[in-house]
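A.B. asks: Task: produce atomic coordinates for the following.
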Amino acid sequence: MTRLRGVLQSQRAEADDVALVRQAGGYLLRVAPERVDLHRFRRLVKEGHAAGDESGSVLLRQALALWQGDSLTGVSGIWAERTRAQLDDERVMAHLLYQDLQLDRGRHEDLLPDLRDLVASHPFDERLVARLMTVLDRSGRQADALRLYEQVRSQLAEQLGVDPGPELRARHLELLSSPPVSVAVAPPVPRQLPMSPAGFEGRARELAELDRIDDETREAVITVVGTGGAGKTCLVLHWANQRLDRFPDGQLYANLRGFSPTREHLSPSAVLRNFLESLGVEPTAVPSDDNARAALYRSLVAGRRMLIVLDDVRDGDAVTSLLPGGPACTVLVTSRNQLTGLAVTHGARTLTVDMLSREEARGMFIGRIGAVRAAAEKDTVSALLEHCGGLPLALGILAARATVHPQFPLALLAEELNEECGRLDALNAGASGADVRAVFAASYRALPAFAARAFTLLGLAPGSSIGLPAVAALLGLPIPGARTVLRALEMAHLVQQYAPLRYRMHDLVRLYAMEVAERDLPADGRDAAMRRLVGFYLRGSYAADRLLYPHRLTIDLKSPSDDGAALPAVTNRAEALAWFAAEYSALLATLRFCAAHAWDATTWQLAWTLDTYCWRQCRLAGGVEIWEAGFEAAERVADPTPRAIARWRLAYARAHAGERDGVLDQLRESLVLFEETGDTASQGQVHQSLGWFLSRRGEPEMALHHTERALAMYQDVGNPTWEANALNGVAWCLAQLDQDEKALLHGEQALELFRKNEDGDGEAAALDSLGYIAHHMGRHREAIAYYRSATRLRNVVGNATQEPDTLVRIGDSHAALGEMFQAREAWERAALLYRGNTGRATPSGPRPGSTPHAIDPGQSVAGAVTVTSRTRISGERSNHTMPSTAPTVPIHRDGRSPMVVPSQPPVRAPSGRTP
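C.D. replies: Just a heads-up that it's a prediction; the model follows:
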């Protein structure tokens, strides 16, 4: 009993439903029915017998698989012998039930091996002998069946002294009176699947989804759809060949050539003929009428567990006559079109095959060219994969080309792919099915005319994605019409709606669309479409910019097209930010297009409309890029105003990005040009930018001079928000010059004006300045409150640029109060934001004029925390920085820390925005 308990205890983690219970007179082993193989066997037999179809065969097969040798082995006695005989009879009966279902489906030959073994172990069981005679007869071996009868009759007479029973004698008489059964009655099980593709890689999610759908339905129509070259057929064949046991009645396959560039489409009628002949119908017996063919086909596959693969289907109409009429069969349909109709009429499930992930693409490519070669040219392999964009066909072509010349460096292939104009030429292995351009061309030719035109025009659109309103402008259609066109392209898997109302093309598809546009569309048509699109982007971004910065200077907008296309539905600051975030890459690409095509007025005006968003979202490189292009364009414009604006904004963008060389000269040149035009308001803007830059350079006296000039000019033109902005700049300069009371007065005036004119961004800047002034005056708790109010307001208005600066100042105020935990937390958050804003961490250098000394010294007992040094990135960020070498801040058990403070206030620049 001890040993038994030990065995049960070792199983307890897996089987809590097994227990050894002591009772009077002994022990009782309590086991749940499902833990006993006999109970499971009986349940499966009962369910299989009740099912009576293919699922019944599966259940009976599972029941028989539970038997491992004889029952009750090693147990003797009368009870054991009687029980063993009873169980054996149940086993034989289960075999007979299983054989009945198999014989109904013509699978007699598959039964012979197991049935011979059963007769050998039960030589006088006349049920099994009769069944074996039947199977031999149906297999065309009537003579063997008659010999078996004579053999059993003799054994019965010699060993038992009896004659065969009525069932066996009746079966014998049937064999004697019936003609031999032709072997051809049971045709071979069709096995038409092509070979599984070599080098198959990845697709774990898609394979699991096919398993899930097939497990759930066991009678599904599954459409496997995706872009041409995405690997739909490879996926289906790999899955099917790995799961042949699911389809014991056979697999049918037909390539309907719906998108073949060189061969005619295969008609459903021809497919039906091929399928019927594969199912044993004589060619002369195939009906000539298509409806009759379909009816006969459905009759032959009814109730059979088969897989039917319909490959390269163009539309749902091509396959409806090829779908079984009842359950049991699984149908896989591959297509470049969506085949939504099959989902509606036949409940088809859809599996969309997208591009390979980076890891899958790398695994596929390396698996074909070899790991050693790939490791030797790792960077080149990455470049090749990038050009292919995860398209399996492109990857396969490149791998095939690479293996033809294994001694050639892969860099030669990469050179062919570097230029967009020759990329599709390089992705051609010399056969129609191994040519990316030919594959895309077949999809293009299948489009209706309206969708084909839209496809080519979309190839012209700058950027990697495009929104529905922009598509409408490009096509010159109303929104509903554009939506209809995009739906057609989506269903053909030539565009993808990757987010609500946003669309994109695979890079290689886009290259093909550009080729077709150059070939098929007239130049004036292409030009008109691009002018519509650029005009939409220019007017849309200008309107969104006005919502972000309503108090900004206005410009005289000159759109390249006035077709009246609807502007984006943007009505407030949050929607404007969201619109810019979605369209930023497209707007930047559009500006590059305009610059490359010398659309000079549009180029600098696009730069103007993007300026506020780049600054507020800390897109520093983008800010420099747009104004470098804007500057070059403005230089070719006769009007001096664009030249002045471009100089001013380029200088500001460069200073924002941490540059210094040439900034002051450009600002002064801009000021001269504005003076020539007599534009007082713009002169004030440049004066304030000069003040901001000089303050940042550590020249507060000159900074104050220019900022006060700006204030006077703003007062002259009567713009209260600009006046508030200048007051805020003056307050900052005065604080730098230790004129704290005057600084506080100007800062409070600025705050009042900003609030009165509902300028949230300006209000946040003023609160930040008042925080700095309070800190400078030793009112650190008040400073923290100002800073936190500024941060909250900036989050509301969507100004991400200055949050890390404010966090640094919050940390300084906490440090001045001895609250080092809070200080460290603020500094570390600031460091993370600086890295996120710039993608790099560049120390700013030690604080000017500071001589650190320690106060409250003590011994560190809890280790040290390194505070990462802050990054200098923004022109409007203060010169208040952390040391260039990250200091170690030891933290004591009581939360205090030795604190390093400067002996003089650091030089700082204004926190407020500049115009």
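
A.B. asks: tell me the domain ranges of this structure?
C.D. replies: Following automatic domain parsing, the chain resolves into domains at 2-33, 36-104, 204-352, 358-438.

A.B. asks: doesn't residue 153 make contact with residue 123?
C.D. replies: No. Applying CB atoms under 8 Å, one finds residue 123 not in contact with residue 153, separated by 11.9 Å. Every C-beta, even on glycine, is put in place using the N, C-alpha and C of the backbone.

A.B. asks: neighbour-wise, which of the two wins?
C.D. replies: Counted by other CB atoms under 10 Å, residue 123 and residue 153 do not tie: residue 153 has more neighbours, with 17 against 14.

A.B. asks: Roughly how far does residue 593 sit from residue 231?
C.D. replies: Residue 593 is 33 Å from residue 231, where distance means CB to CB, to the nearest Å.

A.B. asks: Pick out whichever of those two has more residues nearby.
C.D. replies: Each of residue 593 and residue 231 has its neighbours counted (other CB under 10 Å); residue 231 has more, 30 against 21.

A.B. asks: pretty sure that one is touching residue 392, no?
C.D. replies: Yes. Assessed by CB under 8 Å, residue 231 is found in contact with residue 392 at 3.8 Å.

A.B. asks: between these two, what contacts are shared?
C.D. replies: By CB atoms under 8 Å, 6 or more residues apart in numbering, residue 231 and residue 392 have these common neighbours: residue 356.

A.B. asks: And for the host helix or strand of residue 590, what's in contact with it?
C.D. replies: Element membership of residue 590, judged by DSSP states H and E, is helix 573-596. Applying CB under 8 Å, 6+ apart, the set of residues contacting helix 573-596 from outside is 461-467, 470, 502, 530, 533-534, 537, 540-541, 544-545, 547-548, 568-570, 602-603, 606-607, 609-610, 613, 616-617, 619, 622, 625-626, 629, 632-633, 797-798.

A.B. asks: CA atoms only for it, dumped as CSV, please.
C.D. replies: Extracted C-alpha coordinates of helix 573-596, given in CSV (Å, rounded to 0.1, in the frame of the first residue of the first chain):
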residue,chain,number,x,y,z
ARG,A,573,-6.5,72.1,-31.9
ALA,A,574,-6.6,68.4,-31.0
GLU,A,575,-8.0,67.4,-34.4
ALA,A,576,-5.3,69.6,-36.1
LEU,A,577,-2.6,67.8,-34.2
ALA,A,578,-4.0,64.4,-35.1
TRP,A,579,-4.3,65.4,-38.7
PHE,A,580,-0.7,66.6,-38.8
ALA,A,581,0.5,63.4,-37.1
ALA,A,582,-1.3,61.3,-39.7
GLU,A,583,-0.2,63.3,-42.7
TYR,A,584,3.2,64.4,-41.7
SER,A,585,5.2,62.0,-43.8
ALA,A,586,3.0,62.7,-46.8
LEU,A,587,3.3,66.5,-46.3
LEU,A,588,7.1,66.2,-46.1
ALA,A,589,7.2,64.0,-49.2
THR,A,590,5.0,66.5,-51.0
LEU,A,591,7.3,69.4,-50.1
ARG,A,592,10.2,67.4,-51.5
PHE,A,593,8.2,66.8,-54.7
CYS,A,594,7.5,70.5,-55.0
ALA,A,595,11.1,71.4,-54.4
ALA,A,596,12.3,68.9,-57.0
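
A.B. asks: Going by neighbour count, which residues of that helix are buried?
C.D. replies: 573, 576-577, 579-580, 582-584, 586-595 (16 or more other CB atoms under 10 Å).

A.B. asks: and the next element down the chain from it?
C.D. replies: By DSSP H and E, the next helix or strand past helix 573-596 is helix 600-616.

A.B. asks: can you redo the domains of the chain as a markdown table with distance to residue 717?
C.D. replies: Rendered in a markdown table, the data for these read as follows (distance: least, CB to CB, whole Å):
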| stretch | distance to residue 717 |
| --- | --- |
| domain 2-33 | 82 |
| domain 36-104 | 85 |
| domain 204-352 | 57 |
| domain 358-438 | 49 |
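
A.B. asks: which stretch in those domains has the least confidence?
C.D. replies: Looking at the domains of the chain, the lowest mean pLDDT belongs to domain 2-33 (a mean of 66).

A.B. asks: I'd like the average pLDDT over the helix holding residue 590.
C.D. replies: Here the average pLDDT along helix 573-596 is 95.

A.B. asks: what angle sits between it and helix 600-616?
C.D. replies: Per axes from the mean of the first three to the mean of the last three CA atoms, to 10 degrees, the angle that helix 573-596 makes with helix 600-616 is 140 degrees.

A.B. asks: Tell me where the chain has strands.
C.D. replies: 18-23, 26-31, 221-225, 251-255, 307-313, 330-335, 349-352, 466-467, 496-499, 502-504, 853-855, 864-866, 888-890, 899-901 (DSSP state E).

A.B. asks: Which one, of those, ends up nearest to residue 174?
C.D. replies: strand 251-255 (35.0 Å; CB to CB).

A.B. asks: which residues are contacting the closest one?
C.D. replies: Under CB under 8 Å, 6+ apart, the answer for strand 251-255 is 190-194, 240, 244, 266, 271, 274-275, 278, 306-312, 322.

A.B. asks: Of the contacts of helix 573-596, which belong to helices?
C.D. replies: In helices, defined here by DSSP state H, the members of the contacts of helix 573-596 are 470, 530, 533-534, 537, 540-541, 544-545, 547-548, 602-603, 606-607, 609-610, 613, 616, 622, 625-626, 629, 632-633, 797.

A.B. asks: Quick check: most distant residue from the centroid of this structure.
C.D. replies: Most distant residue from the mean C-alpha position of the chain: residue 161, 78.3 Å away (CA atoms, centre = their mean).

A.B. asks: Can you tell me how far it is from residue 107?
C.D. replies: 38 Å.

A.B. asks: hey, where'd the helices end up in the stretch 51-200 of the chain?
C.D. replies: Assigned by DSSP state H, counting those that start in this stretch, the stretch 51-200 of the chain shows helices spanning 54-65, 78-104, 108-121, 126-138, 142-155, 166-177.

A.B. asks: For residue 482, which of the ones you listed is the nearest?
C.D. replies: Nearest of the helices of the stretch 51-200 of the chain (CB to CB): helix 54-65, 49.3 Å.

A.B. asks: Okay, now the unreliable bits of the stretch 401-550 of the chain?
C.D. replies: 432 (pLDDT under 70).

A.B. asks: can you give me the helices for it?
C.D. replies: Using DSSP H, counting those that start in this stretch, helices in the stretch 401-550 of the chain cover 411-418, 420-426, 436-445, 449-458, 468-475, 479-491, 507-520, 523-548.

A.B. asks: do the same with the stretch 251-400 of the chain
C.D. replies: 268-278, 290-301, 340-346, 358-369, 371-376, 378-388, 392-404.

A.B. asks: quick check, distance from the fifth one to the centre of its chain.
C.D. replies: The one in question is helix 371-376. Distance of helix 371-376 from its chain centroid, counting by CA atoms, centre = their mean, to the nearest Å, is 28 Å.

A.B. asks: For that helix, C-alpha coordinates in CSV please.
C.D. replies: The C-alpha coordinates for helix 371-376 follow below in CSV (Å, rounded to 0.1, in the frame of the first residue of the first chain):
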residue,chain,number,x,y,z
ALA,A,371,24.0,31.0,-43.5
VAL,A,372,27.8,31.3,-44.1
ARG,A,373,27.3,33.5,-47.2
ALA,A,374,24.7,35.6,-45.4
ALA,A,375,26.9,36.2,-42.4
ALA,A,376,29.8,37.3,-44.6
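
A.B. asks: Would you map the helices across the stretch 601-750 of the chain?
C.D. replies: 620-635, 640-656, 663-677, 680-696, 700-717, 720-736, 740-756.

A.B. asks: next one: the stretch 751-900 of the chain
C.D. replies: According to DSSP H, counting those that start in this stretch, the helices that the stretch 751-900 of the chain contains are 760-776, 780-797, 803-816, 820-838.

A.B. asks: For those helices, could you give me JSON lines that also reports mean neighbour count?
C.D. replies: JSON lines is the format used below for those (neighbours: other CB atoms under 10 Å):
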{"stretch": "helix 760-776", "mean neighbour count": "26"}
{"stretch": "helix 780-797", "mean neighbour count": "19"}
{"stretch": "helix 803-816", "mean neighbour count": "24"}
{"stretch": "helix 820-838", "mean neighbour count": "19"}
